[in-house]
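Novice: Mind looking at a prediction? Sequence and model below.
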Amino acid sequence: MTDSMPLTLAFRLRLLALLVAGMALAAPAPASERGLLWRVEGAAGPPSHLFGTIHSEDPRVARLAEPVRRALDQSRHFVMEVVLDEIDLLAVAGATALPPGQSLRTLLGDTLFRRAADALALRGYPEAAVDRLKPWMVIVTVSSPRLSTGQILDLVLLERARARGIPVSGLESMEEQLNLVDDLPLEEQIAALRDTLENLEAIETSFEEMHAAYLQRDLSALVALNERYQQLGDTEIGEKFMRRLIDERNERMAARLQARLERGGVFVAVGALHLPGREGLIELLRRRGYRVSAVH
């Protein structure tokens, strides 16, 4: 899949790009709610922590701040969206490939397929492999920063937890994540792919802007960036896509965190765009009676 990392790791990291896609429907975070690491306190048990990640290998991101290291090291349990090394890679490969007899070139037409193949060639995909991909997988791949080391922030956290003997679990299964987009009508996938390929330059520019906002721990800026780029294509399809990726998953995550947070001492790492807004995890946990306050 890429020149610089094994196929298995490439699959995992490309699929993680789904989780950083955005939150077009969420209200911007209030200016006072600025931060990536949040303390979550319930009626009993030690405090837990909620940390917003960005699925990036940028050294500025992957270098953990001292408050984050301390909170993770003192935790009883580490929870992430999906545990990367427990993914069934054969299932992933099957889910991202078109059914036998189908061709992406045939679905897209020569002109649009050529643009997709050229964009994926820059990420190490041979044209024959591109012809087997579902349209949503092409979107995921070209909408995420190019990777070289594969040592993204999520993996840094996972490896640190494992090195310290902290139990690890996921909030979702990879099957659940794949189903978020895999059952979108094919015509909607193709329309979204066309929009994506027409705005590749803007998407590339957004990566650095997104990193800058993240390094400032500015959730409002991250939401605003997503909203701006969400307007570049078909907004109706984009909103449907984002509703599945963010809002619906936030509800599921909050429900599944309930029992863990009641015991306390949990370090939860999810994409930063799951945190802010009326339907973000910060507000959803507050509605469930938890005190949630910024640490860093």
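Specialist: Alright, I've got the coordinates.
Novice: Strands along this structure, start to end?
Specialist: 37-41, 48-53, 77-80, 168-170, 266-271, 291-294 (DSSP state E).
Novice: Partner strands of the fourth one and their direction?
Specialist: Its sheet considered, strand 168-170 pairs with strand 77-80 (parallel) by DSSP bridges.
Novice: what's the offset of the partner strand from the middle of its chain?
Specialist: The chain centroid and the centroid of strand 77-80 are separated by 16 Å, computed with Cα atoms, centre = their mean, to the nearest Å.
Novice: try stretch 165-179
Specialist: With Cα atoms, centre = their mean, you get 13 Å for stretch 165-179.
Novice: how long is that stretch from one end to the other?
Specialist: 32 Å (Cα to Cα, to the nearest Å).
Novice: what's in contact with it?
Specialist: Contact with stretch 165-179 is made by 15, 18-19, 72, 75-83, 86-88, 91-92, 95-96, 158, 161-162, 249, 252-253, 256-257, 267-268, 270, as judged by Cβ atoms under 8 Å, 6 or more residues apart in numbering. Quick note: C-beta positions are derived from backbone N, CA and C, even for glycine.
Novice: re earlier: redo the strands of the chain as TSV? Include mean pLDDT and mean neighbour count.
Specialist: Below are the strands of the chain laid out as TSV (pLDDT from 0 to 100; neighbours: other Cβ atoms under 10 Å):
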stretch	mean pLDDT	mean neighbour count
strand 37-41	98	19
strand 48-53	97	25
strand 77-80	97	21
strand 168-170	95	16
strand 266-271	96	24
strand 291-294	96	15
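Novice: Of those strands, which is nearest residue 100?
Specialist: strand 168-170 (30.7 Å; Cβ to Cβ).
Novice: sorry, back to before: just the buried members of the contacts of stretch 165-179?
Specialist: 15, 18-19, 72, 75, 77-83, 87, 92, 95-96, 158, 161, 249, 253, 257, 267-268, 270 (16 or more other Cβ atoms under 10 Å).
Novice: Give me the subset of those residues that lies in helices.
Specialist: If you go by DSSP state H, the buried ones among the contacts of stretch 165-179 have 15, 72, 92, 95-96, 158, 161, 249, 253, 257 in helices.
Novice: Please report phi then psi for residue 184.
Specialist: Phi and psi for residue 184, reported as degrees, to the nearest 10, are phi -70, psi 140.
Novice: Just the local confidence number for the nearest residue to it once chain neighbours are set aside, please.
Specialist: Once flanking residues are discounted, residue 184 sits nearest to residue 136: 6.6 Å by Cβ to Cβ, 6 or more residues apart in numbering. pLDDT, residue 136: 90.
Novice: Residue 20 now?
Specialist: Residue-level pLDDT assigned to residue 20 equals 37.
Novice: next one: residue 29
Specialist: 45.
Novice: Nearest to residue 66 among the strands of the chain would be which one?
Specialist: strand 37-41 (10.6 Å).
Novice: Which strands and helices lie in contact with that closest one?
Specialist: strand 48-53, helix 66-73, strand 291-294 (3 or more Cβ pairs under 8 Å, 6 or more residues apart in numbering; DSSP states H and E).
Novice: and the gap between residue 93 and residue 126?
Specialist: When distance is defined by Cβ to Cβ, to the nearest Å, residue 93 is 15 Å away from residue 126.
Novice: Can you tell me how far residue 222 is from residue 245?
Specialist: Residue 222 is 14 Å from residue 245, by Cβ to Cβ.
Novice: cool, and residue 296?
Specialist: From residue 296 to residue 245 the distance is 26 Å (Cβ to Cβ).
Novice: Who has more neighbours out of these two?
Specialist: Neighbour count, other Cβ atoms under 10 Å: between residue 296 and residue 245, residue 245 has more, with 23 against 16.
Novice: re earlier: out of the ones in helices among the buried ones among the contacts of stretch 165-179, flag the one nearest to residue 215.
Specialist: So of those, ranked by how close each gets to residue 215 (Cβ to Cβ), first place is residue 72, at 18.9 Å.
Novice: Run through the residues that contact the residue lying closest to the closest one once chain neighbours are set aside.
Specialist: Spatial nearest neighbour of residue 72, chain neighbours left out: residue 267 (4.9 Å); criterion: Cβ to Cβ, 6+ apart. By Cβ under 8 Å, 6+ apart, residue 267 lies in contact with 48-49, 51, 71-72, 75, 77-79, 161, 166.
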